[in-house]
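Colleague: Kindly generate the corresponding structure for this input.
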Amino acid sequence: MPNRIDIDHTHSRAIVQEIGERLHAFLKEEPELPESLRTQIDRLRESEEQSPSIIPSAERWDKLRR
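Modeller: Below is the predicted model of the structure:
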């Protein structure tokens, strides 16, 4: 590395911790869905499982994926 910067362990840990905290805040889980919306999504998933695929080869791939 042409522009290498040497830092001590204390500063290195502080940088790593700050990056971790920012990533945690950025990737924070989304809030819980309302019950009515969750029910509709579940019904949609059930209907998708019962419906045949319009692409037969994709149907086999989907079963392997699970």
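Colleague: Please enumerate the strands of this protein.
Modeller: With DSSP state E as the criterion, the chain has no strands.
Colleague: among the helices and strands of it, which has the poorest mean pLDDT?
Modeller: helix 56-65 (a mean of 57; mean pLDDT, DSSP states H and E).
Colleague: So what's the residue count around Glu46?
Modeller: 10 (other Cβ atoms under 10 Å). From N, CA and C alone the C-beta is placed, and that goes for glycine too.
Colleague: mind checking how far it is from Thr10?
Modeller: Separation of Glu46 from Thr10 (Cβ to Cβ, to the nearest Å): 55 Å.
Colleague: and Pro34, what are its phi and psi?
Modeller: phi -60, psi 150 (degrees, to the nearest 10).
Colleague: Next: Glu29.
Modeller: Dihedral angles of Glu29 (phi, psi; degrees, to the nearest 10) stand at phi -60, psi 150.
Colleague: What count of nearby residues applies to Leu27?
Modeller: Neighbour count for Leu27, taken as other Cβ under 10 Å: 7.
Colleague: likewise the one 10 residues further on?
Modeller: Neighbour count for Leu37, taken as other Cβ under 10 Å: 10.
Colleague: Could you do Glu30 as well?
Modeller: Neighbours around Glu30, by other Cβ under 10 Å: 5.
Colleague: so what pLDDT did it get?
Modeller: Note on Glu30: pLDDT of 71.
Colleague: Could you number the chain from 837 rather than 1 from now on?
Modeller: I'll keep to 837 as the first residue from here, and by that count the last item is Glu866.
Colleague: That one and Ile843: what is the separation?
Modeller: Glu866 is 36 Å from Ile843, by Cβ to Cβ.
Colleague: so where's this protein uncertain?
Modeller: By pLDDT under 70, the weakly predicted segments of the chain are 837, 889-902.
Colleague: all helices for it, in order.
Modeller: Counting by DSSP state H, the chain has these helices, from start to end: 845-862, 871-886, 892-901.
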